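A.B. asks: This is a predicted model, with the sequence first.
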4 protein chains.
Amino acid sequence: MVSDQIDIKTNWLDPTALDQVRGQVPLVYVDAVPVRVDDMGQVTSVGMLLRQAPDGSISRTVVSGRVLLGERIREALLRHLEKDLGPLALPNIPPEPAPFTVVEYFPDPTISGFHDPRHHAVSLAFVVPVSGDCQPSQQALDLGWFSPEQAVSEHMRKEMTSGHDRLIRLALASVGQLP
Amino acid sequence: MVSDQIDIKTNWLDPTALDQVRGQVPLVYVDAVPVRVDDMGQVTSVGMLLRQAPDGSISRTVVSGRVLLGERIREALLRHLEKDLGPLALPNIPPEPAPFTVVEYFPDPTISGFHDPRHHAVSLAFVVPVSGDCQPSQQALDLGWFSPEQAVSEHMRKEMTSGHDRLIRLALASVGQLP
Amino acid sequence: MVSDQIDIKTNWLDPTALDQVRGQVPLVYVDAVPVRVDDMGQVTSVGMLLRQAPDGSISRTVVSGRVLLGERIREALLRHLEKDLGPLALPNIPPEPAPFTVVEYFPDPTISGFHDPRHHAVSLAFVVPVSGDCQPSQQALDLGWFSPEQAVSEHMRKEMTSGHDRLIRLALASVGQLP
Amino acid sequence: MVSDQIDIKTNWLDPTALDQVRGQVPLVYVDAVPVRVDDMGQVTSVGMLLRQAPDGSISRTVVSGRVLLGERIREALLRHLEKDLGPLALPNIPPEPAPFTVVEYFPDPTISGFHDPRHHAVSLAFVVPVSGDCQPSQQALDLGWFSPEQAVSEHMRKEMTSGHDRLIRLALASVGQLP
């Protein structure tokens, strides 16, 4: 996953060490669902990244990544949002520290329905309104904006893996926009 | 209270009718605590209005007002924020419909600790980041910005009535900034 | 609706007065979604009432009712839960005053998707675990318990009106059990 | 800290390995604030453990501990509650996966105000009503129940370290009982 390669560039943890840690403790993650809102704060559309996995498969995902040692949750959110949406996205990170849900990713997809083949991760999930110009980074093939109806459609569900389709539904529910 | 006079201007309910309703059902209110946030969404200061009550007393208050018949909660929030902070305040009304707390105001201050001599009101309370230029309306004498420490100080507590000092503490707690 | 008849018995508001109030202000309501949980707090099933409307139609509903003048939200929740589920239901009303969502019912179903032909109501919605023996009151024909999958199935959606199918999905999302 | 010794007994991670991991990634923790509630769910008292730290100092704490590899958040909550309050405490773990706040503990107490000399931990904090008989385990010297007023008093604040006094205030605010 791209986020780890970038973390490596900051020399926080090399791949061998990270692999070892993955076999010892759950990792702390953040998931961010970017949204557009109207002037009354109502969500009008949801942003989803189109990404190619190492195995060549393509899927729709949310912004997601690891929290580093010594890093605040807010810093990790801002870092991953800027990395995936570009420096001009102008995210309005919510003032509340509490996420709208906690997603537990396991290598075994039957435990929670959320799946990560690499490790057990506990992810704090936030809905983040963005008001600026989003430019998906080179790792993402595309960033698309979808209405709540489109975002939960059968068509979109099939383009998502790891339980991200369910995460989108939970996110839309938290903002009262689940169809 | 000023909000009711303004409601009257829209002819939604005249004072006699409102007085009668107050003796029959609880009213729906919204309370908004305006805040400034940094680029990671962390609350750096809290805005409080200085107001003169009909009896001449002066106190610090939050933005507060009635929800009208047929009005969405979001519309009421935007209307009261614009009325109290001016049209250039640029409030970021949260996308979630759930308030951070529900405040129950009663004519009897011993019931909940939140007091309104006029009526029983159920108020949905929101923390609202504002990014624009705030110009308190003519009904407010002043709008001051205070750090979380100042906002919960003994000095400020004495300037607040109706339990609004407690509401400020609940608001700061919801954003993790209660000292 | 039955709850109002019961309110009338307590002499809080007669039908004529209530009709008049409905044309003047939004009413305060509570909605409660009864659930069964396992010993780790995870929701295993959702309770839904089967009710006959005044027009003879039958539909699945949640526990719902008006908050009376002078009544605390918690008192209203307990009163309506006991009225609909019987005195032995042993509801665990959540300690938090904030609802998981706020439902805005309007006579016009296009405004929010939540519909009440009688009036504009602002309803605070809570998920309430019940651990006791539920005996639906005489006004309800039945109380059924359904798994999350059943509760959001097409079949069940067709048995619900007023947007209650959507409320069930929002409730299940708030507890992380939306399929 | 006791929880880690117990984790060791399950052979999940030996002390040397844990020390190494602490220098590489933030750990996932849960904090639970045990409360007593009345039949309407309103918090009437807060439970706090009296504990002796390895350096011999005594302080009041909440229930707290690590989430193990492969363990659900709910399992960790139940395990730590039973370990600290005994097997008859009958905790009502909330159905929502979202914590009321997220506490970020750092070895440097100036970063967030929450302090753990051993490591960076991200803790999901929950208010947990307990209805049974609490028997503090051998590692705790005592379990005391305090009213909200007592729990936030100057006297109690002095008995708490690591920012736990602030966590208690945040917990009481989330249930609307912060004085």
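C.D. replies: On my side now, so go ahead.
A.B. asks: near chain B, anything from stretch A:97-115?
C.D. replies: Yes: using Cβ under 8 Å from any Cβ of the partner chain, stretch A:97-115 reaches chain B at A:P97, A:F100. C-beta here means a position set from N, CA and C on the backbone, and glycine is covered the same way.
A.B. asks: Then stretch A:38-57?
C.D. replies: Yes: counting by Cβ under 8 Å from any Cβ, chain B is contacted by stretch A:38-57 at A:D39, A:M40, A:G41, A:Q42, A:V43.
A.B. asks: what's the answer for stretch A:118-136, then?
C.D. replies: Yes: Stretch A:118-136 reaches chain B (Cβ under 8 Å from any Cβ) through A:V127, A:P129.
A.B. asks: Name the residues of that stretch that come out as buried.
C.D. replies: For stretch A:118-136, the neighbour count (16 or more other Cβ atoms under 10 Å in any protein chain shown) marks A:119-130, A:134, A:136 as buried.
A.B. asks: Stretch A:134-143 now?
C.D. replies: Going by 16+ other Cβ under 10 Å, stretch A:134-143 has these buried residues: A:C134, A:P136, A:A140, A:L143.
A.B. asks: Tell me the one of these nearest chain C?
C.D. replies: Closest approach between the buried residues of stretch A:134-143 and chain C, by Cβ to the nearest Cβ: A:L143, at 24.4 Å.
A.B. asks: Contacts only, for the residue nearest to that closest one when sequence neighbours are not counted.
C.D. replies: In space, and not counting its chain neighbours, A:L143 is closest to A:P136: 4.1 Å by Cβ to Cβ, 6 or more residues apart in numbering or on different chains. When contacts are counted by Cβ atoms under 8 Å, 6 or more residues apart in numbering or on different chains, A:P136 touches A:L49, A:D84, A:L85, A:G86, A:D142, A:L143.
A.B. asks: Look up the closest residue to the fifth one, ignoring the ones flanking it.
C.D. replies: Read that as A:D142. A:D142 sits nearest to A:L50 (Cβ to Cβ, 6+ apart), 4.0 Å away.
A.B. asks: can you check A:R72 too?
C.D. replies: Counting by Cβ to Cβ, 6+ apart, A:R72 lies nearest to D:E104, which is 6.3 Å off, once chain neighbours are set aside.
A.B. asks: Direction included, what does whatever helix or strand A:V102 lives in pair against?
C.D. replies: Here A:V102 sits within strand A:101-105, counting by DSSP states H and E. Paired neighbours of strand A:101-105 in the sheet (DSSP bridges): strand A:121-129 (antiparallel).
A.B. asks: now the partner strand: mean pLDDT?
C.D. replies: Here strand A:121-129 scores 98 as its mean pLDDT.
A.B. asks: Could you point out the helix or strand that follows that strand?
C.D. replies: Downstream of strand A:121-129 (by DSSP H and E), the next one is strand A:140-146.
A.B. asks: hmm, who's touching that following strand?
C.D. replies: Contacts to strand A:140-146, defined as Cβ under 8 Å, 6+ apart, come from residues A:36, A:45-52, A:58, A:60, A:84-85, A:134-136, A:156.
A.B. asks: one more time with 10 Å
C.D. replies: Strand A:140-146 is contacted from outside by A:2, A:34-36, A:44-52, A:58, A:60-61, A:63, A:83-86, A:89, A:134-137, A:150-153, A:156, A:159, A:168, using Cβ atoms under 10 Å, 6 or more residues apart in numbering or on different chains.
A.B. asks: sorry, back to before: so how many other residues sit close to the residue nearest to A:R72?
C.D. replies: Neighbour count for D:E104, taken as other Cβ atoms under 10 Å in any protein chain shown: 24.
A.B. asks: And A:E149, by the same measure?
C.D. replies: Burial measure for A:E149: 11 neighbouring residues, criterion other Cβ under 10 Å.
A.B. asks: What part of chain A, helix or strand, is modelled with the least confidence?
C.D. replies: helix A:2-9 (a mean of 45; mean pLDDT, DSSP states H and E).
A.B. asks: what pLDDT, on average, does the helix or strand following it get?
C.D. replies: Counting by DSSP H and E, the next helix or strand C-terminal to helix A:2-9 is helix A:15-22. For helix A:15-22, the mean per-residue pLDDT is 90.
A.B. asks: Any residues of chain A in contact with chain C? List them.
C.D. replies: Applying Cβ under 10 Å from any Cβ of the partner chain, we find that chain A lies next to chain C at A:100-104, A:112-114, A:166, A:169-179.
A.B. asks: quick one: the helix or strand where A:L167 lies near chain D?
C.D. replies: Assignment of secondary structure by DSSP H and E places A:L167 within helix A:164-174. Yes: Helix A:164-174 comes into contact with chain D (Cβ under 10 Å from any Cβ), by way of A:L170, A:S174.
A.B. asks: what angle do that helix and helix C:164-174 make?
C.D. replies: Here helix A:164-174 runs at 110 degrees with respect to helix C:164-174, directions being taken by axes from the mean of the first three to the mean of the last three Cα atoms, to 10 degrees.
A.B. asks: hmm, helix A:164-174 touching chain B?
C.D. replies: Yes: Helix A:164-174 comes into contact with chain B (Cβ under 10 Å from any Cβ), by way of A:A171, A:L172, A:S174.
A.B. asks: Make TSV out of these and add pLDDT and neighbour count.
C.D. replies: Output for the residues of helix A:164-174 next to chain B, formatted as TSV (pLDDT from 0 to 100; neighbours: other Cβ atoms under 10 Å in any protein chain shown):
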residue	pLDDT	neighbour count
A:A171	98	29
A:L172	98	26
A:S174	98	27
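A.B. asks: just the residues you listed now: which is nearest A:V30?
C.D. replies: A:A171 (13.2 Å; Cβ to Cβ).
A.B. asks: ok, now which ones touch the nearest residue to A:I168 once chain neighbours are set aside?
C.D. replies: Closest residue to A:I168 apart from its sequence neighbours, by Cβ to Cβ, 6+ apart: A:A151 at 5.4 Å. Listed by Cβ under 10 Å, 6+ apart, the contact partners of A:A151 are A:33, A:35, A:43, A:45-48, A:60, A:144-145, A:157, A:160, A:165, A:168-169, A:171-172, A:177-179.
A.B. asks: try it again with 7 Å
C.D. replies: Each residue near A:A151 by Cβ atoms under 7 Å, 6 or more residues apart in numbering or on different chains is listed here: A:V46, A:I168, A:L172.
A.B. asks: Dump those to JSON lines, plus distance to D:L68.
C.D. replies: Output for those, formatted as JSON lines (distance: Cβ to Cβ, whole Å):
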{"residue": "A:V46", "distance to D:L68": "34"}
{"residue": "A:I168", "distance to D:L68": "29"}
{"residue": "A:L172", "distance to D:L68": "32"}
